[in-house]
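> I would like the atomic coordinates for the input below:
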Amino acid sequence: MWLAFAGWLIAVLLASLASGIAVTAGAGSDGIAALLMGQLGLWIGFVGAALVAGRFFGFGDIGAGFELGLAAGDVAKSVLIGVAVQLLVVPGIYFPLLAAGVDLDVSGPAVSLFGQVSGPEKAAIALGVVAIAPIAEELLFRGVLLRGLARRLGDGGAVFVSALLFAGTHFQLVQFPGLLAVGLTLAWLARRTGGLASPIWAHIAFNATTVALLW
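The predicted structure follows:
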């Protein structure tokens, strides 16, 4: 568990460093290049923490240690779960508030991001969001953190606490309830299947649905 916290902290520092390098090279501090570099630093930190955890706990091969293999039928089920969480669960969480007239602008940041880019930049963001972020985040939050928490709190407590931390570390107050639901789903899949393949595919499907809706 301490490796997960250390890995997250190092990842944040790497993100800041990478963004700083981009800005020093001439990119705008609020520009897409600085954002992409920052995300790349963050993902490198996440994956690095998982690699260190694998070496520390002696299971060596990261694919075998985190059980990344999954049958085609189970991949399809995981993808359906990810899409359902995006299209049904998350909107259901916010519907009562939106129906009451509360202006939440849940998708505002994502819409703003995709609205200011096009062409290669848009494709690069989509690739990172769909293909890289789910793997990196699952390795850290469900591969390292969740397993560490489960040893101390049991499955139920670990699923809940890891989901809280997953949602909280995105630093998006309005999106927190939706992210919590996503975190609970992915952590439940990880504990239910005993590996990361199912939550990774569900996470990919969730993010891909988001990108498709915004494209």
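> Give the helix, strand or coil label for the spatially most central residue of the chain.
Centroid-nearest residue in the chain: E137, 4.3 Å away (criterion: CA atoms, centre = their mean). Of the three states, E137 takes helix under DSSP: H, G, I helix; E, B strand; the rest coil.
> Identify the residues contacting it.
46, 166, 203 (CB atoms under 8 Å, 6 or more residues apart in numbering). C-betas here are computed from N, CA, C, even on glycine.
> Let me see the confidence value for the last one.
Translated: H203. With respect to pLDDT, H203 scores 97.
> Same question for the first one.
Model confidence at F46, given as pLDDT, is 94.
> just G65 next, same as before
If you check G65, the pLDDT there is 60.
> next one: Q172
So, for Q172, pLDDT stands at 85.
> Okay, and it sits in which element?
Per DSSP states H and E: Q172 is located in neither a helix nor a strand.
> Can you get me a residue count around it?
14 (other CB atoms under 10 Å).
> which element follows the helix or strand bottoming out on mean pLDDT in the chain toward the C-terminus?
Every helix and strand of the chain was ranked by mean pLDDT, DSSP states H and E. The lowest is helix 62-65, at a mean of 59. Downstream of helix 62-65, the next assigned helix or strand under DSSP H and E is helix 72-84.
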